[in-house]
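# Following is a predicted model, sequence given first.
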Amino acid sequence: MTTLTEFLATADSDDAVALTQARSFSEQVLKPLEGRMLNERTVIGLIGMAAGETFMQSLEAASDSMIPARVKVWFKPSEAGIDIGSPTAVQLVDSMAKAGAITASNAGLLKGYAYDTVTPFSAATIYDIKKARGSLNYLSIDNKDLMDGHVVVKLTAPCEQYSSILEGKNPRTGEWQPINVINSVRDAGNYECKSPSFSHAWEKRLENPHGLFEVL
């Protein structure tokens, strides 16, 4: 499945436009094996009784050189069926369509049974877009601003809900690392989280994707 970072590589450079694109993006993903097995019942359920009967009769009438007997057996209702996501099954359906035993449209329905259509980024937010692009804004937290070991900030206006990670710069590695989080940031008002004792002397910053946080 496509990751948000992969999707954004070809999305609009404007974050708001990219967000709209991400929310409407859909793709097909292969079902688990047990969900893509095709037998006679499935064929009829997908393309209807008349078209299904024509397909099955043509399948049975096909020479064994074209469709081996063991493959025909897989379509019986008592059998698990054939994996319609496999190259063999796709080739079979395409051959039946070429022979006129099934329409191109119905062939597409049968082959499409192997996939689910998903919208992986339908609930994405601006925070997600900026995070994936590595373009988040941060609010610097000075150690003198700590209140009893807590970071206390004010959100000046409401925004889409997200969780804001507090990061500290590890002096041993020189890298920023998560040290706490403020959950459910959404409504204007005050928020806080504890700065762990091991990080009191570290440089600190709070994710501020909307630019709405300020230190109290």
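On my side now, so go ahead.

# By mean pLDDT, point me to the weakest helix or strand of this structure.
Each helix and strand of the chain was given a mean pLDDT (mean pLDDT, DSSP states H and E); the minimum falls on helix 69-74 at a mean of 84.

# Show me what that one is in contact with.
Helix 69-74 has contacts (Cβ atoms under 8 Å, 6 or more residues apart in numbering) with 39, 59-60, 62, 79-82, 88, 92. For every residue, glycine as well, the C-beta is placed using N, CA and C.

# Tell me the buried residues in that helix?
Neighbour counts over helix 69-74 (16 or more other Cβ atoms under 10 Å) mark 71-72, 74 as buried.

# Then stretch 12-32?
For stretch 12-32, a neighbour-count test (16+ other Cβ under 10 Å) marks 15, 18-19, 21-22, 25, 31 as buried.

# residues touching the closest residue in space to residue 160 that isn't next to it in sequence, list them.
Nearest non-adjacent residue to residue 160, counting by Cβ to Cβ, 6 or more residues apart in numbering: residue 125, 4.5 Å away. Each residue near residue 125 by Cβ under 8 Å, 6+ apart is listed here: 19, 160-162.

# any idea how far residue 125 is from residue 4?
Separation of residue 125 from residue 4 (Cβ to Cβ, to the nearest Å) stands at 11 Å.

# cool, residue 105 as well?
33 Å.

# Show me what the residue nearest to residue 31 when sequence neighbours are not counted bridges to in the sheet.
Closest residue to residue 31 apart from its sequence neighbours, by Cβ to Cβ, 6+ apart: residue 116 at 5.6 Å. Applying DSSP bridges to residue 116 gives these bridge partners: residue 29.

# hang on, residue 116 packs against residue 29?
Yes: between residue 116 and residue 29 there is a contact under Cβ atoms under 8 Å: 5.7 Å.

# Show me the strands in the chain, by range?
Per DSSP state E, the chain carries strands over the ranges 27-30, 37-38, 82-83, 115-118, 138-141, 150-155, 162-169, 176-185, 189-194, 203-207, 213-215.
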